[in-house]
Structures are given as C-alpha cells and as structure tokens.
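Enquirer: Sequence and predicted structure, then a few things I'm wondering about:
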Amino acid sequence: LAPAPVLAQDLRGHGGPVRALATDEAGRIYSGSFDTRAIVWDGFTAMQVTRHHEGAVTAVVPLEGGRFASGGQDGRVVIWGDSPEPLQSEIWHPLPVGAMVALGDGLASAGWDGRIAL
C-alpha cells in the first residue's frame, strides 16, 4: 500500500506575503514578510513577533546562542535575542538585503547593491 499523503499545515501570523524562511537545529522556523515582521515559530505557535524594519523583511537566519538576524528592504540588518527589542540594528546596504548567512559567531549579508557585508 502507498503511504497516506501528508497534508500541509498553515502557520498564520503574517499580514502579507512571506518573503524569507529559515530553520535551526532545534526545529524552530523563522519567517520574514512584506508586513515588516519577522516571526519565530515553535511548532504551530508564534513564539516571538518582531517589527523593526521600514519595509519588507527579505532575509532571516538563525544565529548561535538562540539569537537570529533579519535583513530588510530598508538595507538594515537586525540582531534579535528573545526580546521584542533588537540587540543591534544597523544599515549595512543602501539597497535591500537579498540574503544572509551565519558565519560561526558572525554574519554575512548580500545586498541588491552588489556587495557582501560582513
């Protein structure tokens, strides 16, 4: 017999299209949206909802120590802990952030300006 199909589950919390997704080793999901929010999901529960960008959240990445980073249409890179207030917020690009990757205890972001910032 063929296995039963797996049905998709909806994680509802964003007020616009989701632009960015990432996961960590603990199975949490990080999402970023055109609604300017980044959300940390644990299972089907939104554990943390952040809002700091002036435009869409275009990239998210988990970091060491339970932190995560979000990059936005505003060129800003934001580091988050477990609080609704950012630990750090800086403009790294004059144009939107296109992608981010964790580098050990650091971070790299790629911008629409054609640069990679460390």
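Expert: Cool, got the structure.
Enquirer: helix or strand for the spatially most central residue of the chain, which one?
Expert: In the chain, the residue lying closest to the centroid (CA atoms, centre = their mean) is residue 60, at 2.3 Å. Under the criterion of DSSP states H and E, residue 60 resides in strand 57-62.
Enquirer: Do I have it right that the residue nearest to the centre of the chain meets residue 20?
Expert: Yes. Using CB atoms under 8 Å, residue 60 is in contact with residue 20, at 4.6 Å. (C-beta placed from N, C-alpha, C; glycine too.)
Enquirer: intersection of neighbour lists for those two?
Expert: When CB atoms under 8 Å, 6 or more residues apart in numbering defines a contact, the residues bordering residue 60 and residue 20 alike are 30, 31, 32, 38, 70.
Enquirer: With adjacent residues omitted, what lies nearest to the residue nearest to the centre of the chain?
Expert: Leaving aside its chain neighbours, residue 60 sits nearest to residue 30 (4.2 Å; criterion: CB to CB, 6 or more residues apart in numbering).
Enquirer: For that neighbour, name its beta-bridge partners.
Expert: residue 22, residue 40 (DSSP bridges).
Enquirer: Roughly how far does it sit from residue 115?
Expert: Noted for residue 30: a distance of 24 Å to residue 115, by CB to CB, to the nearest Å.
Enquirer: Please apply the same query to residue 83.
Expert: 30 Å.
Enquirer: These two: who's more crowded?
Expert: Comparing residue 83 with residue 115 by neighbour count (other CB atoms under 10 Å), the higher total belongs to residue 115, at 12 against 9.
Enquirer: circling back to that earlier point, list the residues that contact the residue nearest to residue 60.
Expert: By CB under 8 Å, 6+ apart, the contact list for residue 30 reads 20-24, 38-41, 60-62, 68.
Enquirer: and the residue nearest to the centre of the chain, what pLDDT?
Expert: Note for residue 60: predicted pLDDT of 98.
Enquirer: Would you state the strands of this structure in chain order?
Expert: 18-23, 29-33, 37-42, 45-51, 57-62, 68-72, 76-80, 88-91, 97-103, 106-111, 116-117 (DSSP state E).
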